[in-house]
Structures are given as C-alpha cells and as structure tokens.
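Asker: Just need the structure, nothing else, for what follows:
(2 chains)
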Amino acid sequence: MSTAELSEQEVIRRNSLAKLRELGIEPYPAEEFPVNAKTAVIKAEFEPEKQNFQEVVLAGRIMSRRIMGKASFAEIQDDSGRIQLYINRDEICAGEDKTLYNDVFKKLLDIGDIIGVKGFAFTTQVGEKSVHVKELVLLSKSLRPLPIVKEKDGKVYDAFTDMEQRYRQRYVDLVVNPQVKDAFIKRTKIVNTMREMFNEHGYLEVETPILQSIPGGAAARPFITHHNSLNIPLYLRIANELYLKRLIVGGFEGVYEFAKDFRNEGMDRTHNPEFTVMEIYVAYKDYKWMMNFTEEMVERVALALHGKTELQVGDKMIDFKRPYPRVTMYEAIKEHTGYDIAGKSESELREICDKLEIENDPTMGKGKLIDEIFGEKCEHHYIQPTFIIDYPVEMSPLTKKHREHPELTERFELMVNGKELANAYSELNDPIDQRERFEDQMTLSEKGDDEAMFIDQDFLRALEYGMPPTSGMGIGIDRLTMFMTNNLSIQDVLFFPQMKPEKKADADSDEKFESAGIPGEWIEVLRKMGFKKVDALKEVKAGKLFNDLCGYNKKNKLGLQNPSMEEVTGWTA
RNA sequence: GACUCAGUAGCUCAGCUGGUAGAGCACAUCCCUUUUAAGGAUGGGGUCCUGGGUUCGAACCCCAGCUGAGUCACCA
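Answerer: Sure thing, here's the model as predicted:
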C-alpha cells in the first residue's frame, strides 16, 4: 500500500514504525511476555499499607496519554479493565541515554499500541491507584488511530456509536466500548450454565451435520450449496432435530447440541441468517416433563448471570422465576379474540381470519391460519414467561398427537416479551403417522407453501426401527442472550452480524493504469487525487494535471521524480 | 420489499435563506516532574457518500444510486 491513500495519522504511525526499527526496536517481537497481574485485580486489591503488588508485570493497549515533561501518565487496558501508569523519564532511562523516554515513549508510541510494563503499584496524590513503571517494552505497534472515547462520572464523551462501523469492525467496538464485551461474556456464561446442567443429567453433547442433502426439522427456506466431487446440491441445515432423533433411535437416552442453523430469510433486529439454537432430546420423557426442565433451565441461567430472576428487558421487568403459566393455544385465542376455534374447519377459520382482519390466502392450510391468528392477536400479550401448549396438528408435523385431543399435538412454546424463546414437544415416534404428516407437508408444498418440509426417507427408516418416547426442546441462544443482557437487537449479541459486503472503490486496476503508460509510483498519487479511472484523465488539461501532480508531490513530500510535461501529455491523450 | 431518517476531518458532531468548510477530542511542533473527560501554546488535516441536474455559484435545492438505522411487511 502506498502512502498516498493513507490518512495523515496513518502515515505518521508508519513513519514511527520505521524509526523504531532504525533504533533497533522490533515493533512486533516474537518472544513471550509473561504477565503476572491484571489491571482490575490491582485496582481492586492494592492497599498501600499492605505493600502488595510491588513487582507487577502487565501488558495491554495504551488507551490514553498525558505527557508532562519528564513525567507522563498513560492508561493501559487489558482484558480485565484499565489502570493508570506513571512513567518517569529518569526511571525508565537509568543512564545518560534518554531515548526510550524522549523519543520512543513520547514520540514513537501512540494510543492503541500494545506494550508491556514492569513496576509497582502506588497511589497518586489525587488518590488513583496506579502502576509506577520501571521498565517498558513495545509488544505491538498500532498503525490505525482508534476512536477516543472518554468518560467522566458515568458520562461518555465522543462515544463510538456508528452502528455500521461497530458491527463491521467489532474489534474496534470491543476495544473502545468496554460494556460491549459484557454481553458476550454473559452469552458464554449462558451456554456454560446450560451445558453444566445437561451434563449433570448425564446427557451427551454431540455434533451433527451442517451440510445436509435434505434440509429437515423445521419450516424455513434453506441456503443451498453444491458439492463438487459428489456433484449434488447440499443445504445448510435449518435445524438438527432429525439427526438428534436418529441418535435417540441409536440408543442414546439424552443428546444435545449447540448448533448453528442457517435460514435464507429476512434480516432484522431479531433475525440473522445464521443463528444458534440449542436442541436437546431426552428419551422416556414427555412435553410436560420438558416444561419443568425448561423453566428450571431458564431460571438457572438468570440466576447464574444476575443472581436474581427479575430482569429489566427494554422498558419491562420480566421475572424468570418458575413455574411459568401454561396456556393452551385455543385458550389463548379465545381469550384474545373471543373466538373458540376448537373443531373449526379450514373455511370456518378463514372466515374468522377475515373478521379479525388477518390476511390470508389459499395456500394457507388450517395450521397456518391458526398460527396467523395466534401470531397476530395473541403472541405479543405474553410478556412474562408463559408456556403456550397444545398446538394444532397441522402446524406441528414432527409432534406426537395429544393424548386426549387427536386434533392437537403435545407441543409447547415458551413465550417471553411477546416472542418465541423455546419450542418443544413430545416427539412423534409413530413411523406411519410421521410418513402421513410428511405427505401432508408435500400437499402444502404443492399448494405453494415454500417452507413446507421435505420427506426425509432415511429419517422415516430410522423411526421404523423404533424410537423410544422422547421429548425434545429447542431454544434460541441469540434470543435468550438478548433477554438476559437486555439487548433489543440480535446484532448486539453476535460478534459478527451479517452485513452487506463493504463497497469496493470503483477504480481501475494498476495494470490498466500501466497500460496507459503511467509509471507505477504515480498510480496511487493519481487515485488519491481523485482519478480512479484512466478515462478520467482524458477529461482534464495536461498542463493542469502536470502542475497538480508536481504540487502534490512537493506538498506531501513524496520525493518522487516529477514526470515531464510530455509524459503527462501522453497519459491524457 | 415499502416508507421515514441519516451519511461533512481518525472519532463525535455543528454548518442559517444557496455565497471561500467549522468545533471538541485525536494528530504534529515547542514548553512543562503527580495529572483526572481537560497541563499550556501554536499548527496541519476534507472526494462534504456517489453520479447527474438546476444555478453566475451547491455540503445545502431536485432526480437517481450506494450504505446504514428505524417502522412496517415477509419470516420464528
């Protein structure tokens, strides 16, 4: 990269890098730097009268500097937080040679550089716990300026807030917005808490295929890809349910997986094309057992993170303390619309939809119509954790029929803050029934429902060998994390949310410039001056271009040999 | 996909009715031995998102596009 397309601050940092090397300082040293302390621990535990932390070794990023003649203050940030450093010229430069302080620290180091220090803890006159530096070493030079975020009394100045930049350059977001890390640390804690609980029960964590030739287990549009040597299409999984159930057939009595699923659908603040779901299947259980298990799990996660069950989510307080109310879907619809839909036919349901002003079309079957009514009129009412149970059979093709009501299934969804958080059922293990349900899905598909499920013959074969009665549950880890960290956007709980690719500058290649007779060293200069395309040169007068080029060369001290007027005339011809 | 809003220095943002592009922080130079978002002084830094149009003149007005955010639709 030539200096022509760098900002002034980047050029200065690259020059500093070169000067460091001239001084014999390697800006990217290879050897390990063994630290023996964390900033947060020193801040929390240092007490002057105890004389502790008198030989600390710290490493981290310089986040601020205040140079006051022969003494300076800086802040260093490690993964636990920040602490102030006191750096005195004559202490880090014991002899006559003051280069390390005067040149290296004061001039060649910048905010963002990663350094290591040795020294001792002390308290400044203003009362701030700090580290008095005796030795300082550069561990990694930073070539780009960081956004500088300052904070006083909880008030943040010049915060780095641009969503696009925060998501595209999450590394910068994490460096300068420490509270961002917290959501991700909690996310891992959620997963660890769940895993701990499952392992205590003796359930086995497993991995199943992400590339599937039949995308099953859910109703969604998949991503499609292609395997070259098999020459077949493959789909990125939309769920792992059918594979986990095969493992139950195989004799495992409890399996679970934290799985990345992929759905080729819309993106908004609650949907990312790839997202994480935990699915668990336990043999010899039913959905009633699973409800108890689920609420125990959610409560346990809340307690592990916050030590309490009542949490702020947006403008609402949500209490994750179990037990959660259980409301049948028919009750929910009756309560919020006044209609009793039990035993209603498809055309009767369509009428009800019309009266409720719910959009519907002929491709929608009974299940979809009921789903619409619930989604439109009921879902958003369930703010506190609530199990919605006993879904119509048409919308649950993998679920066992209800033991008492044959038109219903033994299914529940856990609703929180008006959103689905978990979905579970007594798994359908009757292979004949399962085949019929798949065939019904095919009918829906033929009617135009592009989300209806495919028939997975191998899965049916597995069921025919016999699957024990089993209950399974899936829970969206991203959504759970949103609730548990009070983030309203899925992008705030994903390190790298999906974004459109960054726009490349629409510019001609070096080769194209060269073939127009322009020497390599001038190509970047021309681009920096705004000539991204060779053709753009033809629209300016050679004389003006010649003057501008020589002027740019001089102004930016590029030290290039100016081209002749004749040469420039040739470029613009 | 529809609508609304936004895009100006490395970052956060001003910029009036269309008249030579501004501030704070950051950066550079000089001075200065415990400062607290801030030590002092001076200075450099811009494709005003892109492309058209209107105009004597556009960061500003109009049209189209790109990117993002929000609302809705679709979707769990």
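
Asker: rest of the way, CA atoms for contacts and neighbours
Answerer: OK.

Asker: how about residue A:412, secondary structure?
Answerer: The three-state label given to residue A:412 by DSSP: H, G, I helix; E, B strand; the rest coil is strand.

Asker: dump the residue contacts of the residue lying closest to it once chain neighbours are set aside.
Answerer: Taking Cα to Cα, 6 or more residues apart in numbering as the measure, residue A:412 lies nearest to residue A:389, with 4.1 Å between them; neighbours along the chain are not counted. Under the criterion of Cα atoms under 8 Å, 6 or more residues apart in numbering, the neighbours of residue A:389 are A:326, A:327, A:328, A:329, A:410, A:411, A:412, A:413.

Asker: Close to RNA strand B as well: tell me which of the residues you listed qualify.
Answerer: With respect to RNA strand B, and counting by Cα under 7 Å from any atom of the strand, the subset of those in contact is residue A:413.

Asker: Check the contacts of residue A:389 for burial and list the buried ones.
Answerer: A:326, A:329, A:410, A:411, A:412, A:413 (16 or more other Cα atoms under 10 Å).

Asker: between the residues you listed, which is nearest RNA strand B?
Answerer: Minimum distance to RNA strand B across the buried ones among the contacts of residue A:389 is 7.0 Å, recorded for residue A:413 (Cα to the nearest atom of the strand).

Asker: Pretty sure residue A:390 is one of the things that closest one touches, is it not?
Answerer: No. Counting by Cα atoms under 8 Å, residue A:390 is not a contact partner of residue A:413; they are 9.2 Å apart.

Asker: now the residue nearest to residue A:412: how far from residue A:402?
Answerer: 10 Å (Cα to Cα, to the nearest Å).

Asker: For residue A:108, give me phi and psi.
Answerer: The phi and psi values for residue A:108, taken as degrees, to the nearest 10, are phi -90, psi -20.

Asker: can I assume residue A:15 sits in a helix?
Answerer: Yes. Using three-state DSSP, the assignment for residue A:15 is a helix.

Asker: on that earlier part again, hey, what's in contact with both of residue A:389 and residue A:402?
Answerer: Once Cα under 8 Å, 6+ apart is applied, the residues that residue A:389 and residue A:402 both contact turn out to be residue A:410.

Asker: picking up where we left off before, which one of the contacts of residue A:389 is nearest residue A:499?
Answerer: The shortest separation between residue A:499 and any of the contacts of residue A:389 is 30.0 Å, and it belongs to residue A:413 (by Cα to Cα).

Asker: In terms of helices and strands, where is the residue nearest to the closest one when sequence neighbours are not counted?
Answerer: The spatially closest residue to residue A:413, leaving aside those adjacent along the chain, is residue A:423, at 4.3 Å (Cα to Cα, 6+ apart). For residue A:423, the host element (DSSP states H and E) is strand A:419-426.

Asker: ok, is that strand in contact with RNA strand B or not?
Answerer: Yes. Judged by Cα under 7 Å from any atom of the strand, strand A:419-426 and RNA strand B are in contact via A:420, A:423.

Asker: which outside residues touch that strand?
Answerer: Under the contact criterion Cα under 8 Å, 6+ apart, strand A:419-426 has outside partners A:285-287, A:290, A:379-380, A:382, A:399-400, A:410-415, A:469-476, A:479-480.

Asker: Filter these down to the ones in strands?
Answerer: Among the contacts of strand A:419-426, the residues falling in strands (DSSP state E) are A:411, A:412, A:413, A:414, A:415, A:470, A:471, A:472, A:473, A:474, A:475, A:476.

Asker: Check those and tell me the two furthest apart.
Answerer: Longest span within those, Cα to Cα: A:415 and A:470, 22.2 Å.

Asker: For the closest residue to RNA strand B within the stretch 201-350 of chain A, which non-adjacent residue is spatially closest?
Answerer: Closest contact between the stretch 201-350 of chain A and RNA strand B, by Cα to the nearest atom of the strand, is at residue A:220 (3.7 Å). In this structure, residue A:220 finds its nearest non-sequential neighbour in residue A:451, 4.8 Å apart by Cα to Cα, 6+ apart.

Asker: if I read this right, that neighbour contacts residue A:216, doesn't it?
Answerer: No. In this structure, residue A:451 sits apart from residue A:216 without contact. The criterion is Cα under 8 Å, and the distance is 10.4 Å.

Asker: Neighbour count: the two, which is higher?
Answerer: Taking neighbours as other Cα atoms under 10 Å, residue A:451 and residue A:216 compare with residue A:216 leading, 23 against 14.

Asker: Now the residue of the stretch 401-550 of chain A found nearest RNA strand B, what are its backbone angles?
Answerer: Sorted by distance to RNA strand B under Cα to the nearest atom of the strand, the residues of the stretch 401-550 of chain A start with residue A:500, at 3.7 Å. Dihedral angles phi and psi of residue A:500 (degrees, to the nearest 10) take the values phi -60, psi 150.

Asker: any idea how far the residue nearest to residue A:220 is from residue A:364?
Answerer: Between residue A:451 and residue A:364 the distance, using Cα to Cα, works out to 11 Å.

Asker: What residues does residue A:352 make contact with?
Answerer: Applying Cα under 8 Å, 6+ apart to residue A:352 gives the contacts residue A:339.

Asker: repeat that with 7 Å
Answerer: Contacts here follow Cα atoms under 7 Å, 6 or more residues apart in numbering; on that basis residue A:352 touches nothing.
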